[in-house]
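Peer 1: structure, please.
(2 chains)
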Amino acid sequence: MKFKKEKLIEILLFLCAMLSVFTTLGIVYTLIFESINFFAEVSIIDFLTDTQWTPLFTDKHYGILPLLSGTFLTSFIAIGVALPIGLSIAVYLNEYASNRFRTIIKPLLEILAAIPTVVYGFFALTVVTPFLQNFIPNLASFNALSPGIVMGIMIIPMISSLSDDAIASVPGSLREASLGLGATRFQTAFKVMIPSALSGIVVSVILAISRAIGETMIVAIAAGQQPNLTLDPTVPISTITTYIVQISLGDVPHNSPEYRTLFAAGLTLFIFTFILNNISFYIKNKFTLKYN
Amino acid sequence: MKRWSDIIFKYFGLACTFIGLFLLSVFIYKIISIGIERIDWNFLTNYPSRRPERAGILSAIMGSVWIIVLTAIISVPIGISAGLYLEEYGKGKTWYNKLIELNITNLAGVPSIIYGLLGLEIFNRSLSLGGSLLSGASTLALLILPIIIVSTREAVRAVPNSIREASFALGASKWQTVWRAVIPSSLSGILTGVILAISRAVGEAAPLIVVGALAYVPFVPNGPMSDFTVLPIQIFNWTSRPQHGFLVNASAAIIVLLAITLFLNLIVIIMRIRREKLTKK
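Peer 2: Got it, this is the predicted structure:
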């Protein structure tokens, strides 16, 4: 009797854990199933090579490139902001700051990642864009630059925290050997610690890129929602995520072509984040083997 | 010469550490200076309106409360159970346990808007729940499950084995040990993860928009099947309007949203610092 109850509980707990597998299957099934319907109407070659994305116009074009260029442009700007700052924080906390300072500042930095993204979007639109227009007069009120920068601020803690862990896991003997040879802390940090922690740092950057390309509300609010095949950060653009939100705000009839474009765009986004995440797991696994 | 680079980097690193927090404080200051005058009893108890000075956030706040409560009811028991299974039962490295672990790490990296598409297809359409609170809460529950599972695992892993062995030695069964020894010892850690996950759910707008939450809701939800909006969507809606009055409203609503998020995160920080002190002793 008791044995049966124990087994039952274990099975229940197991089913809860299995829900994660069903979630993944659900995501993959949903995206692929609706995308197959989409690609029955639109050729995959048009989807990948057409330079216009206008599913809501009378002259319909289904080229994903403008959405991709917007997605990568904002992400690139975000990483350009977050990588130097985040890495400097990681080096500073490991090589210069006291332990006490480090334990206090790390949770405070996490607050940056906890602010809701609509709030960051509002920040980009009403504070950062007008501020940048002082220096870049031809900056449109909706652009890729300002949401990119703000997104960068948001992902600083992601890079700083993961890179900090990576540097902290480098054996202290390497640091001592370098300092013992007469190197300064700066030289030790950049010529010994960073190269030794490189794989962990790369993991943090890849995860940050994956986070940035999936970010939605900041771009939806501040970038203009206009699919534009350009790498010019001063003009309005759209991203994959922005497009999905834009369509969802209207009333989309089920089984309409607009409905299916959501999933084709979603599948494209999912493929990119999936590949990036798995590259990072791969590097991470190799990395942990190295020092153990 | 050598020393200079050290001194410069010391200040540069310090500046980097604080630049994000500095910009955030500037922003919060600006928001408060624009929005604080708008926060009064009427703003909290009015429905949205076409006239900004009459609009309020009652339906958005009540929608957020509904969503959070439903999301927590769905995700907390499942998340904790899954975490317990993986740490306490799933230790034998069978292929399906490895598969589950790989899955959870992968799910944690899936953009929130993809969960929205899942919710749209499964909850909204296939299960015919429409754009209801239940659809939205189920979607957010799946979204925050990985956070709850991972933090439950970390909390449970930190419980010393001696506690389990003592319980077994007294004749307790596996589940009695988990229920009466492991969970109580790891409760604060589990709770920290739950609060963190909920604070994440409070701020989400994108997946709820995709699942079918509405932007204009002039009523308070009356049950899980009701249509709804939430605070972040209301803010998004006001932000995308040209009139200045709505920007003021958006600032005021952001003050309310930030107050909730920062309060939840403060609890998390305090709980973490307490636990670190305890483990050091």
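
Peer 1: so, low pLDDT: which residues of chain B?
Peer 2: Scanning chain B for pLDDT under 70 picks out the ranges B:1-2, B:92, B:279-281.

Peer 1: grab the nearest non-local neighbour of the residue nearest the centre of it.
Peer 2: Residue closest to the average C-alpha location in chain B (CA atoms, centre = their mean): residue B:200, at 2.1 Å. Nearest residue to residue B:200, sequence neighbours excluded (CB to CB, 6 or more residues apart in numbering or on different chains): residue B:144, at 5.8 Å. Any C-beta I mention is one placed from the backbone N, CA and C, and that applies to glycine too.

Peer 1: for the helix or strand hosting the one you found, packing partners?
Peer 2: Using DSSP states H and E, residue B:144 falls within helix B:133-157. Helices and strands touching helix B:133-157, by 3 or more CB pairs under 8 Å, 6 or more residues apart in numbering or on different chains; DSSP states H and E, are helix A:2-41, helix B:58-84, helix B:95-108, helix B:112-119, helix B:183-203, helix B:206-211.

Peer 1: what's the shortest one in contact with?
Peer 2: Residues lying outside helix B:206-211 but in contact with it, judged by CB atoms under 8 Å, 6 or more residues apart in numbering or on different chains, are A:117, A:216-217, A:220, A:241, A:244-245, A:248-249, A:262, B:67, B:112-113, B:115-117, B:119-120, B:123-124, B:131, B:135-136, B:139-140, B:143, B:215, B:230, B:232-233, B:236.

Peer 1: just checking, next helix/strand downstream of it?
Peer 2: Helix B:206-211 is succeeded, C-terminally, by helix B:231-239 (DSSP H and E).

Peer 1: what angle do that next one and helix B:183-203 make?
Peer 2: When axes from the mean of the first three to the mean of the last three CA atoms, to 10 degrees is applied, the directions of helix B:231-239 and helix B:183-203 differ by 20 degrees.

Peer 1: can you pull the contacts of the residue nearest to residue B:200?
Peer 2: By CB under 8 Å, 6+ apart, the contact list for residue B:144 reads B:71, B:75, B:79, B:197, B:198, B:200, B:201.

Peer 1: for residue A:27, state which of those is nearest.
Peer 2: The closest of these to residue A:27 turns out to be residue B:75 (CB to CB; 16.6 Å).

Peer 1: neighbours of the closest residue to that closest one other than its chain neighbours, how many?
Peer 2: Of all residues not flanking residue B:75 in the chain, residue B:141 sits nearest, at 3.8 Å (CB to CB, 6+ apart). The number of residues packed near residue B:141 is 25, by other CB atoms under 10 Å in any protein chain shown.

Peer 1: ok, now residue A:158?
Peer 2: Per other CB under 10 Å, the neighbour tally for residue A:158 reads 22.

Peer 1: closest point of the stretch 151-281 of chain B to chain A, which residue?
Peer 2: For the stretch 151-281 of chain B, the residue closest to chain A is residue B:203, as judged by CB to the nearest CB, at 2.8 Å.

Peer 1: any figure for the gap between that residue and residue A:55?
Peer 2: Look at residue B:203 and residue A:55: by CB to CB, to the nearest Å, they are 29 Å apart.

Peer 1: pull the number of nearby residues for residue B:28.
Peer 2: Neighbour count for residue B:28, taken as other CB under 10 Å: 17.

Peer 1: whoops, I mixed them up, residue B:123
Peer 2: For residue B:123, the count of nearby residues is 23 (other CB under 10 Å).

Peer 1: contacts only, for it.
Peer 2: By CB under 8 Å, 6+ apart, the contact set of residue B:123 is B:129, B:134, B:135, B:138, B:139, B:211.

Peer 1: check which helix or strand residue A:154 maps to.
Peer 2: Assigned by DSSP H and E, residue A:154 falls in helix A:145-168.

Peer 1: close to chain B, is the helix or strand that that helix is followed by?
Peer 2: Sequence-wise, the next helix or strand downstream of helix A:145-168 (DSSP H and E) is helix A:172-180. No: Helix A:172-180 lies apart from chain B when judged by CB under 8 Å from any CB of the partner chain; the minimum separation is 11.5 Å.

Peer 1: average pLDDT for helix A:172-180, rounded please.
Peer 2: The pLDDT scores in helix A:172-180 average 90.

Peer 1: export it as PDB, just CAs?
Peer 2: Extracted in PDB, the C-alpha atoms of helix A:172-180 (Å, rounded to 0.1, in the frame of the first residue of the first chain):
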ATOM      1  CA  GLY A 172      43.700  31.500  -8.900                       C
ATOM      2  CA  SER A 173      47.100  30.000  -9.500                       C
ATOM      3  CA  LEU A 174      47.200  31.500 -13.000                       C
ATOM      4  CA  ARG A 175      46.500  35.000 -11.600                       C
ATOM      5  CA  GLU A 176      49.200  34.500  -8.900                       C
ATOM      6  CA  ALA A 177      51.700  33.300 -11.500                       C
ATOM      7  CA  SER A 178      51.100  36.300 -13.700                       C
ATOM      8  CA  LEU A 179      51.300  38.800 -10.800                       C
ATOM      9  CA  GLY A 180      54.400  37.000  -9.500                       C
END
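
Peer 1: ranges for the strands of chain A?
Peer 2: Applying DSSP state E to chain A gives no strands.

Peer 1: any low-confidence regions in it?
Peer 2: Where chain A drops to pLDDT under 70, the residues are A:1-2, A:287-292.

Peer 1: go with 50
Peer 2: Residues of chain A that meet the criterion pLDDT under 50 lie in A:292.

Peer 1: around chain A, pick out the residues from the stretch 151-281 of chain B.
Peer 2: Residues of the stretch 151-281 of chain B lying close to chain A (CB under 8 Å from any CB) are B:173-175, B:199-200, B:202-206, B:209-210, B:212, B:215, B:232, B:235-236, B:239-240, B:247, B:250-251, B:254, B:257-258, B:261-262, B:265, B:268-269, B:272-273, B:276.

Peer 1: do that again at 6 Å, thanks
Peer 2: Contact residues (CB under 6 Å from any CB of the partner chain) of the stretch 151-281 of chain B with chain A: B:173-175, B:203, B:205-206, B:209-210, B:232, B:235-236, B:239, B:254, B:257, B:265, B:269.

Peer 1: can you get me a residue count around residue 4?
Peer 2: Looking at chain A here, since you left the chain open. That count, for residue A:4 with other CB under 10 Å as the rule, works out to 8.

Peer 1: the intended chain is chain B.
Peer 2: Neighbours of residue B:4 (other CB under 10 Å): 10.

Peer 1: for residue B:263, same thing?
Peer 2: Counted with other CB under 10 Å, residues neighbouring residue B:263 total 11.

Peer 1: next: residue A:109.
Peer 2: Residue A:109: 21 surrounding residues under other CB under 10 Å.

Peer 1: hang on, isn't it packed against residue A:157?
Peer 2: Yes: counting by CB atoms under 6 Å, residue A:157 is a contact partner of residue A:109 at 4.4 Å.

Peer 1: that older thread, just the buried members of the residues of the stretch 151-281 of chain B next to chain A?
Peer 2: The neighbour-count test (16 or more other CB atoms under 10 Å in any protein chain shown) marks B:174-175, B:203, B:205-206, B:209-210, B:232, B:235-236, B:239, B:254, B:257, B:265, B:269 as buried among those.

Peer 1: tell me who's in contact with residue B:131.
Peer 2: Contacts for residue B:131 (CB atoms under 6 Å, 6 or more residues apart in numbering or on different chains) come out as B:212, B:213, B:227.

Peer 1: again, but for residue A:65
Peer 2: Counted by CB under 6 Å, 6+ apart, residue A:65 has contacts A:51, A:229.

Peer 1: top of the contacts of residue B:144 by number of neighbours, please.
Peer 2: In terms of neighbour count, residue B:79 stands highest of those at 29 neighbours, by other CB under 10 Å.

Peer 1: what about it, distance to chain A?
Peer 2: 8 Å (CB to the nearest CB, to the nearest Å).

Peer 1: surely that residue is in contact with residue B:150?
Peer 2: No: applying CB under 6 Å, one finds residue B:79 not in contact with residue B:150, separated by 9.1 Å.
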